[in-house]
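Student: Turn this into a structure:
(one chain, ligands or ions: 2)
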Amino acid sequence: MTKPTFPAASILGYPRIGPNRELKKALEAHWANRTDEATLHAAARELQQANLAKLTTLGLGATDASLPGDFAYYDQVLDATVALSSLPTRFADLADADGTINTAASFVLARGDESRAPLEMTKWFDTNYHYLVPEIGENTPIAANAKPLVESFKAHAANGNTIRPTLVGPITYLLLAKAEDGAAAGFDPLTRIDEVVAAYARILTELAAAGAPWVQIDEPALVTDRGAELAVPGALAESVYTRLAAATERPALFVTFGYGTAGDVTRPGAAQGLLARAGVEAVHADLVRGLAPKAEFLDDLAGSTLVAGIVDSRNIWRNNLAASLNVLKSLRTEVQTSNGILAVGTATSLQHVPHDVALENNLPAHLPAWLAFANQKVAEVITLAKGLAQGESAIAAELSAAESAINHRAAFAGTTVAAVRERLAALTDADFSRSDAATREAAQEAALNLPVLPTTTIGSFPQTGEVRTARAAHRNGSIDDAAYEGFLKAEIARVVELQERLGLDVLVHGEAERNDMVQYFAENFDGFSETANGWVQSYGSRATRPSILWGDVSRPVAFTVPWISYAASLTNKPFKGMLTGPVTILAWSFIRDDEPLSVSANQVALALRDEIADLQDAGIGIIQVDEPALRELLPLRKADQAAYLKWSVDSFRLSTAGAVDATQIHTHLCYSEFGEIIDAIDALDADVTSIEAARSRMEVTADLTEFGYSRGIGPGVYDIHSPRVPSTEEVAELIEIALASLPAKQLWINPDCGLKTRGYAETEASLANLVEAAIAARATIGANTGANV
Ligand code: MET
Ligand SMILES: [Zn+2]
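Tutor: Ligands and ions are numbered 1, 2, ... in the order given. Below you'll find the predicted structure:
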């Protein structure tokens, strides 16, 4: 029997938030009870129809299943939880009479309610998109609920569009899940795979009955080390897809593997061949982050289609169509040798890029022609498929436009800046190291004269409505620079006065002048530009607007110094200046594809190094360089991690190593999987490191003791993710847990993260309790151990 052929051009998914963040607005209006559920559904449907209309205008077929059916109100993993009705026990009362999870219930899972915390949120692979972590135990219900998928398919079909319903795959779903609280120790959600497969088989049957010709099943977890072990002959992936392919009355299956190489990286294509032989009609390979399949590993595709993910869906650069076409042609040879058919697609869903370059009206003139956002990428996929089928001459105009944009970019003045390159080339090992920690410690003790268990904050103070209003007014010109500066100074003075009143030991300026901890730096560095409308979903209704790094980086003038030195002038207390580190600046921006990331990281590091020198000259004795994204960029495969950690740590060291001994360098990382990269964190060589720890009740302190961590450490004692005010007793307890494993001399007392999302009332109350608990702990230490701590 011949297998159905997948459309020649398709995309794995499309941004869901809407070109003007329509979904955000609809969701937030609904959550604020300003609209009912029917209004929300109508707004979402309208947005999806507009998106599909756009995609067909761009050239995707309306009826050949090349339109992705990947819409989600909040998150695609949450939608898989809905499709499986897998409600964790603590939410069991939310189930409908038939056991299913309705839209309102799914929002409770996503957002929590008065009595329950929401599902945990975690970064999706190595992206800045967050999914909701499924909680699966021995008894979590698993039962098919095809209704949302079927209804959506039918609604679009009635409108003339044949979408390809999309689901997170069974293996990926369970690998991303965590054991439900109360499950037996060591319980592995993957042990529930047979039930998940049975539920998916049922969903496939219902989708076939509704008329869906194709279904897309995303299995990106097979590009991780753990997933790869399951993608070898005789292992789980083979049996799962043999069973799904055997489902009676099902749509054709398209299984995708974004974010890397599926299966064994030394045998690119082996995982795809395996699934094709198991009966899957179309398989995908990410050619941007992963390796191109080879005939020798594909073996026999058994008539299946291989969809080449050649257009980058994680970045915004215009595709080099000529180079891509060459890759596609040689891949076609491999695929045809393997008895398969080649089609063209994206590396992952386009959910990681903004909608449309055409919506940008503020970019520097040279930039738009270099870029491709989602809509431009759809056109690129279609062009490449056409070129592959009909030859270069059929796409001559597109090839030449791409070529001239790429040549223009390569030759453009800011792309390579001689002075920046010379400075990088002249670096020596000495530029990456400070003197030994003991020497620094002595110099800092003399300079700062801090009490034991010093109290501080992570940097930002509440960004009130007034701050945001003033910023917007300044941006649109309704208040002038002087008025805005006056406003910010008053805000800074208020924050300094508050910290003095609360009795904190190390003060900060509060970051009121920063719209965002990355964008603010990008705005002040050469080599970056900001988009006006380049929103990318981060989680739920939240989106970020990453800056675009397009050229060599330098810092024309000191920009944090005026604010920070003004703040420091208002107090006699030790003062901490705040900067964002090189890895985080890059992780939360669109980065260059014409230079290794490590080169950009060192350029950013030198720009920061200049700022640190100026802060130091202005008398700032403590400088914090935040690296919350250090863990996020960690490569998915263990084999690639050491190289990443080497350059990322080096860039931090390059940024900070110009500081004199007496300047105390802090860093801040906000996640608790600290143990995993503790060597790298140690290698940052910061004098003091603050980390998130309150939710895990100081779990990290045990890792630190075991490691023998010897410098200053501030495990957060106040969970800033909720408006809850921790009592003095609670904070005292956490301090006590930390003191049980760490010497008092190393310990700092601080919140988990910045306070910008909090309100003033809870912030003041919480910080007052934090200071009170620290003072009490000092007294206890003095009583128990004498002054010698
Ligand atoms: C996500 S980490 C945030 C650190 C930053 N200094 C702040 O306080 O907001
Ligand atoms: Zn943080």
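
Student: Which secondary structure state is assigned to residue 308?
Tutor: strand (DSSP: H, G, I helix; E, B strand; the rest coil).

Student: any idea which element residue 343 lies in?
Tutor: strand 341-346 (DSSP states H and E).

Student: Could you list the residues in contact with whichever helix or strand comes after that strand?
Tutor: Next helix or strand after strand 341-346 toward the C-terminus (DSSP H and E): helix 374-390. With contact meaning CB atoms under 8 Å, 6 or more residues apart in numbering, helix 374-390 is reached by 8-11, 14-15, 54-55, 58-60, 310-313, 318-319, 321, 324-325, 328-329, 332, 342-346, 350, 353-358, 372, 394-395, 398-399. In this view, the C-beta of every residue, glycine as well, is placed from N, C-alpha and C.

Student: related to what we said a few turns ago, the strand holding residue 343 - contacts with which helices or strands?
Tutor: strand 305-311, helix 321-337, helix 374-390 (3 or more CB pairs under 8 Å, 6 or more residues apart in numbering; DSSP states H and E).

Student: That one: how far from the chain's middle?
Tutor: 27 Å (CA atoms, centre = their mean, to the nearest Å).

Student: now do stretch 8-17
Tutor: Using CA atoms, centre = their mean, the offset of stretch 8-17 from its chain centre is 19 Å.

Student: Quick check, the residue in the stretch 551-700 of the chain closest to ligand 2?
Tutor: When distances are taken as CB to the ion, the stretch 551-700 of the chain reaches nearest to ligand 2 at residue 670, 3.0 Å away.

Student: what's the distance between that residue and residue 641?
Tutor: According to CB to CB, to the nearest Å, residue 670 and residue 641 sit 20 Å apart.

Student: Of these two, which one has the most company?
Tutor: residue 670 (20 against 15; other CB atoms under 10 Å).

Student: Residue of the stretch 201-350 of the chain nearest ligand 2, please.
Tutor: residue 314 (23.4 Å).

Student: does the residue nearest to residue 736 when sequence neighbours are not counted sit in a helix or strand, and which one?
Tutor: Spatial nearest neighbour of residue 736, excluding adjacent residues (CB to CB, 6 or more residues apart in numbering): residue 777 at 7.3 Å. Assigned by DSSP H and E, residue 777 falls within helix 760-785.

Student: how distant is stretch 177-197 from the center of its chain?
Tutor: Distance, centroid of stretch 177-197 to centroid of chain: 25 Å (CA atoms, centre = their mean).

Student: angle of the strand holding residue 343 against helix 321-337?
Tutor: 140 degrees (axes from the mean of the first three to the mean of the last three CA atoms, to 10 degrees).

Student: could you check the angle strand 305-311 makes with strand 341-346?
Tutor: 30 degrees.

Student: what comes into contact with strand 341-346?
Tutor: With contacts defined as CB under 8 Å, 6+ apart, strand 341-346 is touched by 5-13, 282, 284, 303-313, 328, 331-332, 335-336, 377, 381, 384-385, 388.

Student: could you give the mean pLDDT of that strand?
Tutor: Across strand 341-346, the average pLDDT comes to 98.

Student: Format the CA atom coordinates belonging to it as CSV.
Tutor: What follows is strand 341-346, C-alpha atoms only, in CSV (Å, rounded to 0.1, in the frame of the first residue of the first chain):
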residue,chain,number,x,y,z
ILE,A,341,9.9,11.6,-0.5
LEU,A,342,11.3,15.0,0.6
ALA,A,343,9.2,17.9,1.7
VAL,A,344,10.1,21.3,3.1
GLY,A,345,9.3,22.8,6.5
THR,A,346,10.5,24.7,9.5
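
Student: near ligand 2, which residues of this protein?
Tutor: Selection of the chain residues close to ligand 2 by CB under 5 Å from the ion yields 628, 670, 753.

Student: which stretches of the stretch 1-150 of the chain aren't confidently modelled?
Tutor: Applying pLDDT under 70 to the stretch 1-150 of the chain flags the ranges 1.

Student: quick one, helices of it?
Tutor: Listed in chain order, the helices of the stretch 1-150 of the chain (DSSP state H, counting those that start in this stretch) span 22-31, 37-58, 76-84, 103-111, 147-158.

Student: The stretch 651-789 of the chain now?
Tutor: 678-683, 699-707, 728-741, 760-785.

Student: before we move on, what about the stretch 401-550 of the chain?
Tutor: 418-425, 437-448, 465-475, 481-502, 519-524.

Student: Could you dump those helices into CSV and include mean neighbour count and distance to residue 273?
Tutor: Shown next, in CSV, are these (neighbours: other CB atoms under 10 Å; distance: least, CB to CB, whole Å):
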stretch, mean neighbour count, distance to residue 273
helix 418-425, 12, 43
helix 437-448, 15, 53
helix 465-475, 14, 54
helix 481-502, 16, 60
helix 519-524, 20, 43
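
Student: and the closest residue to ligand 1 within the chain, how many residues sit next to it?
Tutor: Nearest to ligand 1, among the residues of the chain, is residue 754, at 2.1 Å (CB to the nearest ligand atom). Look at residue 754: counted by other CB under 10 Å, it has 24 neighbours.

Student: how near is residue 234 to residue 274?
Tutor: Taken as CB to CB, the span from residue 234 to residue 274 is 10 Å.

Student: Over to residue 565?
Tutor: Distance from residue 565 to residue 274, by CB to CB: 62 Å.

Student: Could you look up the SS state of the closest residue in space to residue 283 that isn't next to it in sequence?
Tutor: Leaving out its chain neighbours, the residue that sits closest to residue 283 by CB to CB, 6+ apart is residue 272, at 4.0 Å. Look at residue 272: counting by three-state DSSP, its state is helix.

Student: Residue 272 and residue 293 touch, don't they?
Tutor: Yes - using CB atoms under 8 Å, residue 272 is in contact with residue 293, at 5.7 Å.

Student: which residues do these two both contact?
Tutor: 285, 306.

Student: and the two? which has more neighbours close in?
Tutor: Between residue 272 and residue 293, counted using other CB under 10 Å, the more crowded position is residue 272 (31 against 28).

Student: Which one of the residues in the stretch 401-550 of the chain is closest to ligand 2?
Tutor: For the stretch 401-550 of the chain, CB to the ion, closest residue to ligand 2: residue 458, 5.7 Å.

Student: which ones are touching the residue lying closest to residue 385 once chain neighbours are set aside?
Tutor: Nearest non-adjacent residue to residue 385, counting by CB to CB, 6+ apart: residue 9, 3.7 Å away. Listed by CB under 8 Å, 6+ apart, the contact partners of residue 9 are 59-60, 66, 343-345, 381-382, 384-386.

Student: beta partners for residue 9?
Tutor: residue 344 (DSSP bridges).

Student: Spatially nearest residue to residue 258 (excluding sequence neighbours)?
Tutor: That would be residue 348: by CB to CB, 6+ apart, it lies 3.2 Å from residue 258.

Student: show me the contacts for the one you found.
Tutor: Contacts of residue 348 (CB under 8 Å, 6+ apart): 12-13, 220, 256, 258-259, 286, 309, 313-314.

Student: Then residue 50?
Tutor: residue 18.

Student: try residue 657
Tutor: 431-434, 609.

Student: Can you say which two of those are spatially most distant?
Tutor: Across these, the longest distance by CB to CB is 13.1 Å; it joins 433 and 609.

Student: No more questions from me, cheers.
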